[in-house]
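[1] Structure for the following, please:
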Amino acid sequence: MPRRAPQHSGLAAQMGALLELVQALRLDNERRDAKIAQLEQRDAPPPRPEWIALKAVDRGPFTYECIRFWCKNGLIEAKKERGRWFVNVASLNARLARLAAA
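    Just a heads-up that it's a prediction; the model follows:
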């Protein structure tokens, strides 16, 4: 009776094909999850501006009077409530970054 060749090579090929399929599915899932995260961020409302009292702001090398001048002249986003200036932190940080880069 003739001997049959072992089936190990066929089984290894099938396992290799299955592993490739699993890897392809993982990549598809990662791409899908990244796209979902991107869409969720786009649909999310913009973050509310963070306001802080001008006297509490870290002004770096600039004086209180200098920052108040920026507020009065619209160089940064600011509002005055009951005689006190409140500054949008992102706006102030952006101006400070621009001045530091100049």
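[2] If we go by neighbour counts, what in the longest helix anywhere in the chain is buried?
    Ranked by residue count and defined by DSSP state H, the top helix of the chain is helix 8-43. The neighbour-count check on helix 8-43 (16 or more other C-beta atoms under 10 Å) flags nothing as buried. (C-beta placed from N, C-alpha, C; glycine too.)
[3] Same question for stretch 45-55.
    Residues of stretch 45-55 classed as buried: Leu54 (neighbour count, 16+ other C-beta under 10 Å).
[4] distance between the ends of that stretch?
    Taking C-alpha to C-alpha, to the nearest Å, the first and last residues of stretch 45-55 lie 29 Å apart.
[5] Residues touching that stretch, excluding its own?
    For stretch 45-55, the surrounding residues in contact (C-beta atoms under 8 Å, 6 or more residues apart in numbering) are 64, 67-68, 71, 77-79, 84-91.
[6] same thing but 7 Å
    Tyr64, Ile67, Arg68, Cys71, Arg84, Trp85, Phe86, Val87, Asn88, Val89, Ala90 (C-beta atoms under 7 Å, 6 or more residues apart in numbering).
[7] next one: stretch 93-102
    Here stretch 93-102 makes contact (C-beta under 7 Å, 6+ apart) with Gly60, Trp70, Leu75, Ile76.
[8] Restricted to buried residues, select those residues in PyMOL.
    PyMOL command restricting the contacts of stretch 93-102 to the buried ones, with burial defined by 16+ other C-beta under 10 Å:
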select buried, resi 70+76
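[9] Mind splitting this structure into its structural domains?
    Listed domain ranges for the chain are 1-44, 51-101 (source: automatic domain parsing).
[10] residue nearest the centroid of the protein?
    With the centre of the chain defined as its mean C-alpha position, the nearest residue by C-alpha atoms, centre = their mean is Gln41, 8.9 Å away.
[11] Check what pLDDT that residue gets.
    Looking at Gln41, its pLDDT reads 76.
[12] Going forward, count from 215.
    In the new count, where the first residue is 215, that last one comes out as Gln255.
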